[in-house]
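>>> pasted the sequence and its predicted model underneath.
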Amino acid sequence: MKKKLMLYFHIPFCLSKCAYCAFFSAPCTDEALKAEYTDALIRQLTSFENAKDYSVSSVYFGGGTPTVLGPDRLVSVLSAAREVFCLEENAEITVEANPKTVTRDCLYSLRQGGFNRLSIGVQSFNNGTLKKLNRAHSAEDAVECFAMARSAGFDNISADLIFALPDEDVSELRHSLDSLIALRPAHISVYGLSIEAGTPLEQNYSSYSFPNEEEEERQYELVCRTLKAAGYGHYEISNFALPNKEARHNTGYWERTEYFGFGAAAHSFFKGKRFSSIAHTERYIALTKEGYLAPTDFDSSAVLSKTDAEEERVMLGLRLSHGVELDRGHVPDMLLREGLAEYSEGRVRLTEKGFRVSNAIIGILCETDEK
Amino acid sequence: MTNISKIRNFSIIAHIDHGKSTLADRLLEYTEAVSKRESVDRMLDSMELERERGITIKARAVNFKYLADDGEIYDMNLIDTPGHVDFNYEVSRSLQSCEGALLVVDATQGIQAQTLANAYLAVDNDLEILPVINKMDLPSANLEATKEEIEEIIGIPADEAPAISAKMGTNIKDVLEQIIKVIPCPEGDGNAPLQALIFDSYYDSYKGVVVYIRVKEGTVRVGDHVKMMHTGASFELVEVGTLSPFGFNPKGMLTAGEVGYFTASIKSIADTEVGDTVTLLDAPADEPLPGFKKVLPMVYSGIYPSDGARYEDLKDALEKLRLNDSAFLFEPETSAALGFGFRCGFLGLLHMEIIQERLEREFNLDLITTAPSVIYKITYKSGEVRFIDNPTNYPSPDEIEEAAEPIVKATVITPTAYVGSIMELCQDRRGIFIDMKYVAGDRAELHYELPLNEIIYDFFDSLKSKTKGYASLDYEPDGYKASKLIKLDFLLNGENVDALSFIVHSDKSYARARRIVEKLKDNIPRQLFEVPVQAAIGGKIIARETVRALRKDVLAKCYGGDITRKKKLLEKQKEGKKKMRSLGSVELSKEAFMAVLKMDE
């Protein structure tokens, strides 16, 4: 029996740095570097020992903006992955895209090359806000991107939205939600904006007005209510999907399915260990040339202890609406009494009210767990 | 045997930071009792904490020889004294062991309340006072004004006062010569029945209790069977001698006029109380020396280990501290909110602070302490009278015939510019004005009668902040006075938190209740449920705030399966949790708890 594995490819390039982004990614127009990076990904792939022992259920190209690499390079990496590993027949193969980075031809090539799911970073339908976030695209670009994707053959499309954005209130958010619902993506991710140290957003914090706690709460409520009414199931804290369109890759993260990350700054959960590769594009490339970054090169990382693993299971599993298995004795009555969690059939699951304060609840459940 | 006419016994008294310990060092250095090489800064203060704070907590005595200009060798005994109001009784016993005192005055600051209080104590003990004007090296030193102040406020001539810099070591010889000249030699008869005054004692793990004495009459020798005239304890002396700056100098005997120590394998300092008289068991003196007083704590507070598992460690630590500090009392107490701990009695706020700091520092304990309380005198309807030092035990109003609180006589010395704000402060703290004197220069001396319970409620800090640190405070207990007292209780989530209760004058109850309730609201982290915060008097709610429930935390993206940040967040939460205390169903950090208890406006 083959072991289940998911693959992640990190593309550290983008068109322009978004104002909120603290992730390992930088604008890149250097075609030679993109080509070298592509070669490096393929080298890292082919150095993977016993790759045929794994059955791959999901492949995900994230970034950055993977489409900055161009469709041909993305497809060549995917093809290499197909050769090295055994991809399941109906594997979910996702690529993230920025509306400004794709053309119909590009999307067509990706679809033909084997990608079957497209994740579009829409973030907002308000052009003023997109500008503040330093997004390279407009609301109209996003609408056009959807049309192109559909005509290129993508029927499984996901879109990202952000709430609690600068100078936005419930009415602006409602506009974004309605615009997105009208496009009928199969899957919608909605994240609260978090202001990260060192980002332009943080540095210019005082020049924007950010929603206060009550406003942020209202916005999250609006998201949940609106999407539910539009037929999207709230299957994970920040994710909503039409029936049977839940993201398998993301769900895998929360259910602790193992995954291997290729590329610079890519994270892996492999053989019970969590590790990540070097967060430096050129050095990453050099390392693959010297024959490094195969799974065995991460052997020194520690296998998670039983306690750590259990804590992860609870912490990650509670993001899903179906919750996690847990002894009733580990669930404080207060959570049930306050309507923050529900308990039945040996599982604890957070309510919508509980989702909003999930970190605090996870803290409590993990603590109880230790005793 | 030492010629009694060549003995000089003296103390140094000063306001904090006026340079007492530095002068002591210089005196010893000058006489080469201590070579410079071996001198540790402020060697008389041997406790670490004392050295750090630059204050002397327990008295110590040092014997040294001085070759004076008259060609004679003098036997000098320097008895160091604690410089704070909390230790007034100990100071008075130290002063009783001397014939004179050096009154150190900072030439840049002049007379302060403590200088004055100590000077009065010296006068009360019939000591010859030798003023010494210190810090002459500082540019702001004002010799003439300081002399004028000494003459005017204390009423002693200051013409001849040595003007020195203890820090730089200038004019130290002048001080020593003046000691010989001004301070009289002791009187006493080495053949009379033994009367030796205990002015300090401490526990030494090798020798047992080391008792500091001043022999007033008679002679004491190794092997003597002695008796403590007040406690009645008797011992056979093992070691008798003087103390050099380097340590014990066992000479075998001490005679009238001398200052030194004895040991007798004594296990408990409770047997050798400060102020007691030592006499011979088989040839006792007719009566003890006058002035013995049992010292009683004035301020009480609950001390709890932050980590309940360290209760036994706390107990051991308290017992160890008690070995060297008979003024400090403790007994077990239980709080519903804080678990097992101890009710501790202190001479005053400084004493309390010192004990708490030593527990945390020397014994590495993390403590939670409840708000300090004074001792209330309650007359019940039944006629019974009880003293209550713990708000938890305060009776309900319908049982009380009369409640009385301790009163102090307070002296504040201040630049006249601040008289108005000090009067305002004292009035606000229910003070009764007694009188005010304008003294030398631009300063005033105010006398107030104040409830002690107001003084422990951040009076000192307020005084300092209202006067930019210029005013100084001294006070002495002055009995009890009937007062309209009530007990304030606090409820979190409907549950009474006993550790937060305190006693307050009824006129102040609403304002303080509001203040504490607001502080609780600001300091209690938001829980997953709404927490009502209430203040109550006898079951009636008089103030309320609500800590709103936590409504949301960040719903950020986990990029590419990177869960490290989520894990870090969880670790941080868990770290925080460990430091949390549960007060009923509400969790709050030790810092939050202490912030609420910190009595300030």
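Received the coordinates, thanks.

>>> show me where the stretch 101-250 of chain B has its helices.
Assigned by DSSP state H, counting those that start in this stretch, the stretch 101-250 of chain B shows helices spanning B:113-124, B:143-149, B:172-182.

>>> tell me the mean pLDDT for the first one?
Right, helix B:113-124. Averaged over helix B:113-124, pLDDT sits at 79.

>>> mind listing what's buried in it?
Within helix B:113-124, the residues scored as buried using 16 or more other Cβ atoms under 10 Å in any protein chain shown are B:Ala113, B:Gln114, B:Thr115, B:Leu116, B:Ala117, B:Asn118, B:Ala119, B:Leu121, B:Ala122, B:Val123. No exception for glycine: its C-beta is placed from N, CA and C like everyone else's.

>>> can the helices of the stretch 101-250 of chain B go into a markdown table with extra columns for distance to chain A?
A markdown table is the format used below for the helices of the stretch 101-250 of chain B (distance: least, Cβ to the nearest Cβ, whole Å):
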| stretch | distance to chain A |
| --- | --- |
| helix B:113-124 | 48 |
| helix B:143-149 | 52 |
| helix B:172-182 | 58 |
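
>>> sorry, back to before: let me have the buried residues of helix B:113-124 in CSV, adding distance to A:Phe48 as columns.
Shown next, in CSV, are the buried residues of helix B:113-124 (distance: Cβ to Cβ, whole Å):
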residue, distance to A:Phe48
B:Ala113, 81
B:Gln114, 79
B:Thr115, 83
B:Leu116, 86
B:Ala117, 83
B:Asn118, 83
B:Ala119, 88
B:Leu121, 86
B:Ala122, 89
B:Val123, 93
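
>>> enumerate every residue touching B:Ala595.
Taking Cβ atoms under 8 Å, 6 or more residues apart in numbering or on different chains as the criterion, B:Ala595 is in contact with B:Lys519, B:Asn523.

>>> so it, which of the three states?
At B:Ala595 the chain is in helix, as set by DSSP: H, G, I helix; E, B strand; the rest coil.

>>> buried ones in the host helix or strand of B:Lys320?
Assessed by DSSP states H and E, B:Lys320 sits inside helix B:311-323. Within helix B:311-323, the residues that count as buried by 16+ other Cβ under 10 Å are B:Tyr311, B:Leu314, B:Lys315, B:Ala317, B:Leu318, B:Lys320, B:Leu321, B:Arg322, B:Leu323.

>>> quick one: least confident of these?
Out of the buried residues of helix B:311-323, that is B:Leu323, at 79.

>>> and the residue lying closest to it once chain neighbours are set aside, how many residues sit next to it?
In this structure, B:Leu323 finds its nearest non-sequential neighbour in B:Tyr203, 4.0 Å apart by Cβ to Cβ, 6 or more residues apart in numbering or on different chains. By the measure other Cβ atoms under 10 Å in any protein chain shown, the count of residues near B:Tyr203 is 18.

>>> and if you look at B:Lys135?
B:Lys135: 24 neighbours (other Cβ under 10 Å).

>>> these two touch, right, it and B:Gly110?
No: B:Lys135 is beyond contact range of B:Gly110, at 11.0 Å (criterion: Cβ atoms under 8 Å).

>>> from A:Cys18, how far out is the residue of the stretch 201-350 of chain B found nearest chain A?
Nearest residue of the stretch 201-350 of chain B to chain A (Cβ to the nearest Cβ) works out as B:Ala309 at 14.5 Å. To A:Cys18, B:Ala309 is 49 Å away according to Cβ to Cβ, to the nearest Å.

>>> centre of the chain to whichever strand or helix holds B:Asp489, how far?
Assigned by DSSP H and E, B:Asp489 belongs to strand B:485-492. Centre-to-centre, strand B:485-492 and its host chain are 29 Å apart (Cα atoms, centre = their mean, to the nearest Å).

>>> do the same with stretch B:503-520
The answer for stretch B:503-520 is 28 Å, by Cα atoms, centre = their mean.

>>> ok, and for it, which residues are buried?
Buried-residue list, stretch B:503-520, by 16+ other Cβ under 10 Å: B:Ile503, B:Val504, B:His505, B:Lys508, B:Ser509, B:Arg512, B:Ala513, B:Arg515, B:Ile516, B:Val517, B:Lys519, B:Leu520.

>>> who does the third one bridge with?
Bridge pairing for B:His505 (DSSP bridges) gives the partners B:Leu485.

>>> how long is stretch A:89-106 end to end?
24 Å (Cα to Cα, to the nearest Å).
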